[in-house]
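Asks: Need a 3D model of the sequence below.
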Amino acid sequence: MTSPFLAATVVEPLEPGHYRSRYEAAWYQGRGAYGGVVAGQVLRALEHHLNDAQRAVRSFTVHFCSPAAEGVADLHTRIERAGKFVTHATARVESGGAVVAVATATFGAARGGAPEYMDFVMPEVPAPETIGPVPEDTPMPDFCRFFEYRYCVGSPPYSGGPEAEVGGWLRPRVPTALDTALCVGLMDAYPPSVLSRMDGFRAAASVDFSVQFFQTFPVKGIAPDAHYLRTGRSRHAADGYTEETQRLWTRDGTLLAQCRQLVAVLG
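Replies: The predicted model follows:
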């Protein structure tokens, strides 16, 4: 069976630096496709344009400018500079006469002789098989039907929890090999943490996010049906905006990536 996420993030090369893609209503969150699809398409286009397996993506920032409404989108990519080890690239997404997103990415080759350490520790949570998945008929954004959720971090959305924290185990319902685009998609698949403090419905939307990748993809030994732990925590909200830090872990405690996100809380 074809992976729905892979199909949703396919980009078609038209000419150097120009790609075409499509947004489908099945992937909507509110008025447009959720950020994981928008960003996944952009990252696939940038990786194709770079075409250098020795330069892994190290950081990736996307600014979401307008809803990704159903229909065709044009992605324009540009290599801004390619140095001895590092390449900087940018992208611009347009659809229906509107700018949907602008993005930057940094790709870097491995450097010898540099220090290595990892001080992040995965939180202790129940194993995924001990937690029942969220029922498919639970009211959630349209795109959530493509993922299996098992909440075990913080509080569910709209529960009036004591902290702005939300997360748990996550995986695509159709087994899908993990790559950079899916990593970004999984990071953005849980609701913003601010919603866990809300006692009643409020809409929220990503304004921008920046992802730092801590592994080179594909990561060896990860099965297509693997569970991933996605954590999220917000520690500040003001003027209708919140900040949030998210992390994505493998079951054995490997930290795949970290995301810093700006979220707008809508009226």
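
Asks: And for residue 135, the neighbour number?
Replies: Here the count is done by other Cβ atoms under 10 Å, and residue 135 has 8 residues near it. Any C-beta I mention is one placed from the backbone N, CA and C, and that applies to glycine too.

Asks: how near is it to residue 211?
Replies: 30 Å (Cβ to Cβ, to the nearest Å).

Asks: Residue 94 too?
Replies: Residue 94 is 22 Å from residue 211, where distance means Cβ to Cβ.

Asks: Those two - which one has more neighbours?
Replies: Taking neighbours as other Cβ under 10 Å, residue 94 and residue 211 compare with residue 211 leading, 26 against 17.

Asks: Tell me what the more buried one is bridged to.
Replies: Counting by DSSP bridges, residue 211 is bridged to residue 60, residue 259.

Asks: Surely it touches residue 257?
Replies: Yes: with contact defined as Cβ atoms under 8 Å, residue 211 reaches residue 257; the gap is 5.5 Å.

Asks: Which neighbours do the two have in common?
Replies: By Cβ atoms under 8 Å, 6 or more residues apart in numbering, residue 211 and residue 257 have these common neighbours: 183-184, 187.

Asks: quick one: the strands in the stretch 101-250 of the chain?
Replies: According to DSSP state E, counting those that start in this stretch, the stretch 101-250 of the chain carries its strands in the segments 147-154, 164-172, 204-213, 228-238, 241-250.

Asks: Please name the strands paired to the longest one in the sheet, noting orientation.
Replies: Each strand that pairs with strand 228-238, with its direction, by DSSP bridges: strand 164-172 (antiparallel), strand 241-250 (antiparallel).

Asks: For the ones you listed, state which one has the densest average packing.
Replies: Comparing these by mean neighbour count (mean count of other Cβ atoms under 10 Å), strand 164-172 comes out on top with a mean of 24.

Asks: For the chain, identify the residue most remote from the centre.
Replies: residue 113 (31.1 Å; Cα atoms, centre = their mean).

Asks: quick one: that one and residue 212, what's the gap?
Replies: As for residue 113, its distance to residue 212 is 21 Å (criterion: Cβ to Cβ).

Asks: what about residue 157, neighbour count?
Replies: Neighbours of residue 157 using other Cβ under 10 Å come to 21.

Asks: Please tell me how far it sits from residue 168.
Replies: Going from residue 157 to residue 168 by Cβ to Cβ gives 12 Å.

Asks: Could you give the average pLDDT over stretch 87-95?
Replies: The pLDDT scores in stretch 87-95 average 98.

Asks: ok, and the closest non-adjacent residue to the spatially most central residue of the chain?
Replies: The centre of the chain sits closest to residue 184, judged by Cα atoms, centre = their mean, with a distance of 2.7 Å. Closest residue in space to residue 184, ignoring its immediate chain neighbours: residue 39 at 4.9 Å, by Cβ to Cβ, 6 or more residues apart in numbering.
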